[in-house]
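K.L.:
have a look; sequence and predicted model below, questions after that.
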Amino acid sequence: MKIVAVIPARMGSTRFPGKPLAPILGRPMLEHVYRRTAMCLALDDVFLATCDQQIVDAVNAFGGRAIMTSSAHQRASDRVAEAAAHFSADMIVMVQGDEPMTYPQMIESAVAPLRNGDKQIACVNLTARIQTEEELTDPNTIKVVMDVDGFAVYMSREPIPTRHIQPFDQLATFKQVCIIPFTAASLQEFIRLPPTPLEVAESIDMLRFIEHGHKVKMVPTEYITHAVDTPEDLRRVEKLLLKDPLTKEYL
């Protein structure tokens, strides 16, 4: 089975313009994502997908491989699907470009259900326990509730489930961690499906699959990561990466 990772990135983030090229320890953030993703032995190749020449130039400068895509995409999954037309693969793993604390083992865990051939799964997402009430209320954190078999029921930028019955320290709350494997067929199915009302309302890709009745498998990870959505996140992640042994393998 050929598995290829695609990292979508664009300069025009509404929350943090220019975020992919923001420096962390002297390297652009997307370089950290790319190099750490490429360390995963389960992958046959890694590409970065973007609509910005600045990003292509940065990727070329550190020796990575970039694919230019349309600037019209509203969803990262649509950008990844366009990039996937440039290569052949059985599985495509979307690794979000704002996850510089990605670990190779996280990707290995995420691809396992699809490698095992479970046909009912449209795609896989990693999920992690939410550690603080601040994270639960942060709209940049995508919260997820799951059924008893570990499939996503709903995702939201609002706190779910409700905190009005149990206090936070007694409530199991989980977030989406944006390492998302698709089979080649399911990724093409995603872009064929029309956008859905909740997908648009929440601005969350996976709701398109959920609303159309497809199965999104959530796989737990114990790795503590922090996505970068704001300049404050960037400063926090830089301090964490400075102490991370994996960072020393490529800096």
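P.N.:
Arrived safely, thanks for sending. Owing to the predicted nature of the structure, the values given are computational and were not obtained by experimental measurement. Numbers count the residues shown, from 1 in each chain.

K.L.:
relative to Arg36, how far out is Pro245?
P.N.:
12 Å (C-beta to C-beta, to the nearest Å). No exception for glycine: its C-beta is placed from N, CA and C like everyone else's.

K.L.:
quick one, what contacts the residue nearest the centre of the chain?
P.N.:
Centroid-nearest residue in the chain, with C-alpha atoms, centre = their mean: Cys178, separated by 2.2 Å. Contact analysis of Cys178 by C-beta atoms under 8 Å, 6 or more residues apart in numbering lists 94-96, 98-99, 125-126, 142, 227.

K.L.:
show the pLDDT at it.
P.N.:
The model reports Cys178 with a pLDDT of 84.

K.L.:
also the one 3 residues further on?
P.N.:
pLDDT, the model's per-residue confidence, is 97 for Pro181.

K.L.:
follow-up on the earlier one: among the contacts of Cys178, which are in strands?
P.N.:
94-95, 125-126 (DSSP state E).

K.L.:
any chance of TSV for the residues you listed, columns distance to Val219 and pLDDT?
P.N.:
Listed next are the ones in strands among the contacts of Cys178 as TSV, based on distance: C-beta to C-beta, whole Å; pLDDT from 0 to 100:
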residue	distance to Val219	pLDDT
Met94	14	96
Val95	14	96
Asn125	7	95
Leu126	6	95
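
K.L.:
name the nearest of the residues you listed relative to Arg192.
P.N.:
Within the ones in strands among the contacts of Cys178, the smallest distance to Arg192 is 16.9 Å, found for Met94 (C-beta to C-beta).

K.L.:
and the closest one, how far from Phe151?
P.N.:
18 Å.

K.L.:
same thing with Glu134?
P.N.:
On the measure of C-beta to C-beta, Glu134 and Phe151 end up 28 Å apart.

K.L.:
the more surrounded of those two?
P.N.:
Using other C-beta atoms under 10 Å as the criterion, Glu134 and Phe151 rank with Phe151 on top: 16 against 10.

K.L.:
show the backbone phi and psi for that one.
P.N.:
phi -100, psi 140 (degrees, to the nearest 10).

K.L.:
hang on, isn't it packed against Val216?
P.N.:
Yes - when contacts are counted by C-beta atoms under 8 Å, Phe151 is listed as touching Val216 (6.3 Å).

K.L.:
tell me how many other residues crowd Asp45.
P.N.:
Neighbour count for Asp45, taken as other C-beta under 10 Å: 13.

K.L.:
state the distance from Phe87 to Phe47.
P.N.:
Taking C-beta to C-beta, one finds Phe87 at 7 Å from Phe47.

K.L.:
whoops, Ile204 was the one
P.N.:
23 Å.

K.L.:
can you check Ala66 too?
P.N.:
Using C-beta to C-beta, we find Ala66 at a distance of 7 Å from Phe47.

K.L.:
just Ala152 next, same as before
P.N.:
Counting by C-beta to C-beta, the gap from Ala152 to Phe47 is 26 Å.

K.L.:
same check, this time on Phe174
P.N.:
Distance from Phe174 to Phe47, by C-beta to C-beta: 29 Å.

K.L.:
and these two? Which one has more around it.
P.N.:
Between Phe174 and Phe47, counting by other C-beta under 10 Å, Phe47 is the more crowded of the two (23 against 20).

K.L.:
partners of the more buried one in the sheet?
P.N.:
Beta bridges link Phe47 to Val6, judged by DSSP bridges.

K.L.:
grab the nearest non-local neighbour of Val4.
P.N.:
Ala89 (4.1 Å; C-beta to C-beta, 6 or more residues apart in numbering).
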